[in-house]
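Participant: coordinates for the following, if possible.
(chains A and B)
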Amino acid sequence: MNFTIGNYYPAASPLHRVDPRAKILGSLALMVTLFLFSRPPAMLAYTLFLLVLVRVARIPLRLLLGTLRPVLTLALIALIANILTGPAPWFWQWGILRFSQPGMVTGLTMALRLCLLILTTQLLLTLTTTPILIADGLEALFAPFARFGFPAHELAMMMSIALRFVPTLAEEADKIMKAQSSRGADYDTGGVLARARGLISVLVPLFVSALKRADELATAMEARCYRGGEGRTKLRPLVFGRSDALFCLLLALAMALVLAIEHLV
Amino acid sequence: MTRPLIELERVSFAYESRFLGDSSAGREWAVEDISLELARGSHVAILGRNGSGKSTLARLITGLERADAGRLSFAGLNPLDEEGAWRIRRRCGLIFQNPDNQLVATTVEEDVAFGPENLGLPAAEIRRRVDRALELVGLTQAASRPPSELSGGQKQKLAIAGILAMEPECLILDEATSMLDPASRRSFMELVTNLHRHEGITILNITHNMDEVLAAERVHVLDEGRILMSGTPAEIFRNASRIRSIGLDVPAFAAISEGLLARHGFPLPLEAAGSATAAEHVLRSYFSLREAPKPADRRPVQTPPAAAREAETVVLVESLSYRYPRAGAVSGPAIDDISFQVRRGEFFGIMGQSGSGKSTLIQHLNGLLRPTTGRVTVLGHDPGRPADIRALRRRVQLLFQYPEHQLFAETVREDIAFGPLKLGVPADQINERITAAARITGLEPEWLGRSPFELSGGEKRRVALAGILAMQPELLILDEPAAGLDPAGRDEILSYLHELSRSGITIILVSHSMEDLARLTDRVAVLHEGRLLAVDRAERIFADRRLLARSGMSPPACRSFLGRFAGDLPQLDLDVRTAEAAVDALDLWLEPRQAAPPAAPRTPEAGDGE
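Facilitator: Predicted coordinates:
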């Protein structure tokens, strides 16, 4: 099985090793900061800062830029909409279409901000942190709310089990589809309705099997002394070390620097 | 004597209602009035058919189910009480049948850590235990890999590691090897034996596999929720007819020595049922070897594959290679440069271990996979061409492993009708086909209106087979049709195949069971690591020790027991497919001594099975 979930890029970099809680909170802080500046010098400074992080994380730049593909259309729409609806002065006029100069500046800022937002979360979270660590980090961050009934541990456990079973169920779905195809089922032709009906012969066995797996897994977990998150320890407990503190400090300094540039330069 | 580790006293239990369960028969005792004791450090086996209540027993001991009546204790702890049950589970690990459904985490080492994490141990201690457990089962190298990348055998070893990390006194195996191939099964049982010998772990092995039972010190046979017999493996297998009457097997050597001794009026001594070596010893002391064979009056004439040489070629595979695409979600073993042909009416076997490419190969025969290079022709069609696939799937049927997982319709009847309807069989013929298919697979008419999900595992499998037969294929391809079934269920399925073959259908049977292949097939192809090692008449394949060793298989048990006499009897016919045939073959060369000598004072060696 070669099955990748999410975008995790395995590498032994200092950024990969940072505590997931620091990365989650750090990317939240950076996201907020992104909305606090809009002038080109600060934008440039922030972009440079991201480039430094890319180097530190040892992630190929092309891979990172590739993650922008899904939002490029959105960024482009934002840009065009701003240009067409923005105020005077216009830098070009064509029929009834007027192209606004301030609109272009706003649009470019918006598009760039959107891209930077995506790049930041990709870089700090998805590319450098395994989904399991993100789940662990979220569990730890939400743990204080557990006393108000927030299922922090349960959510993390669900995430882990889901990730564990994605390849297993994918393989099973493939097998069932092949089995039904052998019996004459056809999943590629016919109208939407016919295809949807055809999927019943795959989905029913898949759900039955998933329920059976869930039942057996629950028994196996109970047999291994699982009884919820209370009193559980971890093989790799999240330890907030000096390097994590340093990481937070660096992020804070970078944010301060970018904001200073926005207001002073 | 100290107190036994596990004590059961008149324990009874019934399931209330079953969630997606196998049978829905009211309130029936799953376990009835069972009393047994397990000494610390012992190795005990519980033998029984599927549905005999043996798995329930494991759940009762660990408090996963609560007994309705009787008294249970594990090291003085009571599984009926919640805290007691939790403390029992810390000390008594349970390994289940399905390797996939007991692994929780996304990496091997995180999974091993799951138990110790639940115990609330400090991180350093968890680390120490995880490393040691992985070392004991030999998975240290795989520590950071996802469990989905492991083979079935490795997954079961990982499950054991997860239990070992909790440092248990006792290990309960609940059909833990029934989904493994013979090589993984051997290696898994070796690991278990080592844990028993060197770590002093008490073993309770719940199984329907006789070979594993031979390694136990004591065996309890369970049938319909009750203990039918208890004793040493030799004592149990001496009662061969009783064992068979409840749908279980006896080891080949026990069946052969029983048949031979009975034929000449000797009672079967105890040790002949305990190990192959002891059985050979008993036979040699009861019989002398003849110079020349007796006239072969009993020996049935073996029918050669009927006119197979002249029959038309149904399947032609020419230098077929296939490699799974790198980026795909689903992958499997590649196959390389495979050529063979199958003729009409033949019963063709494909053998090899898991991962040898058997499943990859057969998926080319009805166009589920297309060759990377090479050519496949089936019934004159090219399964690589979309236009041919439809025509081909009318005439060729493929039954996957665990086919009961593909059932989906509301009733058995609708599920069987699915294939014929897709083929466009006219409505008036469909009922006829369903009835015919149900008859061949022994499905009761009243089952047709029931939901397939109410049936037992073996019954579901017969429904799946009926669904394929209702399409009236000319060529039937089956991937491990008997996997996971108990001996009686296996014999049923195999007897249907035998009938189908006699009715003229060409059959390709994929299996890693040498016994099944020996019993049924005319010719066998041997696959190993994606390559074809040999295609030959079954008896010549089984005679080639070097070939078998190279492909990681061992000869059928009957044949290998006869092999013990081959040194003295060079003309002994080793080509036997069943225990009865082995008795016939050996009988030609044996002369009973006048009086049976007293049985040799020899204790059967545990674990010396075939």
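Participant: I'd say A:Ile118 and A:Leu68 touch.
Facilitator: Yes. Under the criterion of CB atoms under 8 Å, A:Ile118 makes contact with A:Leu68 at 6.0 Å. The C-beta positions use only the backbone N, C-alpha and C, and glycine is treated the same way.
Participant: CA atoms of whatever helix or strand B:Ser285 lives in as CSV?
Facilitator: B:Ser285 is part of helix B:276-286, with elements assigned from DSSP states H and E. Extracted as CSV, the C-alpha positions of helix B:276-286 are listed here (Å, rounded to 0.1, in the frame of the first residue of the first chain):
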residue,chain,number,x,y,z
ALA,B,276,3.9,-38.7,13.4
THR,B,277,7.1,-40.3,14.8
ALA,B,278,5.2,-42.3,17.4
ALA,B,279,2.6,-43.4,14.7
GLU,B,280,5.4,-44.6,12.4
HIS,B,281,6.9,-46.5,15.4
VAL,B,282,3.6,-48.2,16.2
LEU,B,283,3.0,-49.3,12.6
ARG,B,284,6.5,-50.7,12.3
SER,B,285,6.1,-52.7,15.4
TYR,B,286,2.6,-54.0,14.4
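Participant: tell me the buried residues in it?
Facilitator: Judged by neighbour count using 16 or more other CB atoms under 10 Å in any protein chain shown, the buried positions of helix B:276-286 are B:276-283, B:286.
Participant: and which of these is nearest chain A?
Facilitator: Comparing the buried residues of helix B:276-286 against chain A with CB to the nearest CB places B:Ala276 closest, at 35.6 Å.
Participant: spatially nearest residue to that closest one, not counting backbone neighbours?
Facilitator: Nearest residue to B:Ala276, sequence neighbours excluded (CB to CB, 6 or more residues apart in numbering or on different chains): B:Phe253, at 4.3 Å.
Participant: higher neighbour count, A:Ile118 and A:Leu68?
Facilitator: Regarding A:Ile118 and A:Leu68, a neighbour count based on other CB atoms under 10 Å in any protein chain shown identifies A:Ile118 as having more, with 20 against 15.
Participant: quick check, that one in a helix?
Facilitator: Yes. Using DSSP: H, G, I helix; E, B strand; the rest coil, the secondary structure at A:Ile118 is a helix.
Participant: leaving out sequence neighbours, find the closest residue to it.
Facilitator: Spatial nearest neighbour of A:Ile118, excluding adjacent residues (CB to CB, 6+ apart): A:Val71 at 5.4 Å.
Participant: could you dump the helix or strand harbouring the one you found to CSV, C-alpha only?
Facilitator: Element membership for A:Val71, per DSSP H and E: helix A:69-85. Provided in CSV are the C-alpha atoms of helix A:69-85 (Å, rounded to 0.1, in the frame of the first residue of the first chain):
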residue,chain,number,x,y,z
ARG,A,69,-3.3,25.3,-6.9
PRO,A,70,-6.8,24.9,-5.3
VAL,A,71,-7.0,28.6,-4.3
LEU,A,72,-5.5,30.2,-7.4
THR,A,73,-8.9,30.4,-9.1
LEU,A,74,-10.4,32.0,-6.0
ALA,A,75,-7.5,34.5,-5.8
LEU,A,76,-8.0,35.4,-9.5
ILE,A,77,-11.7,35.9,-9.1
ALA,A,78,-11.0,38.2,-6.1
LEU,A,79,-8.6,40.2,-8.2
ILE,A,80,-10.9,40.6,-11.3
ALA,A,81,-13.9,41.4,-9.2
ASN,A,82,-12.0,44.1,-7.4
ILE,A,83,-10.6,45.6,-10.6
LEU,A,84,-14.0,45.7,-12.2
THR,A,85,-16.0,47.1,-9.2
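Participant: contacting residues for residue 71?
Facilitator: If you meant another chain, say so; for now it's chain A. Applying CB atoms under 8 Å, 6 or more residues apart in numbering or on different chains, we find A:Val71 in contact with A:114-115, A:118.
Participant: try chain B instead
Facilitator: The contact partners of B:Arg71, taken as CB under 8 Å, 6+ apart, are B:7-11.
Participant: what's the following helix or strand after the host helix or strand of it?
Facilitator: Taking DSSP H and E as the criterion, B:Arg71 maps to strand B:69-74. Going down the chain from strand B:69-74, the next helix or strand is helix B:82-91, by DSSP H and E.
Participant: kindly calculate the angle that that following helix makes with strand B:69-74.
Facilitator: 50 degrees (axes from the mean of the first three to the mean of the last three CA atoms, to 10 degrees).
Participant: check the offset of helix B:82-91 from the chain's centre.
Facilitator: 32 Å (CA atoms, centre = their mean, to the nearest Å).
Participant: flag every buried residue along that helix.
Facilitator: B:84-91.
Participant: a helix runs through B:Ser178, doesn't it?
Facilitator: No. Membership of B:Ser178 in a helix is not supported by three-state DSSP, which gives coil.
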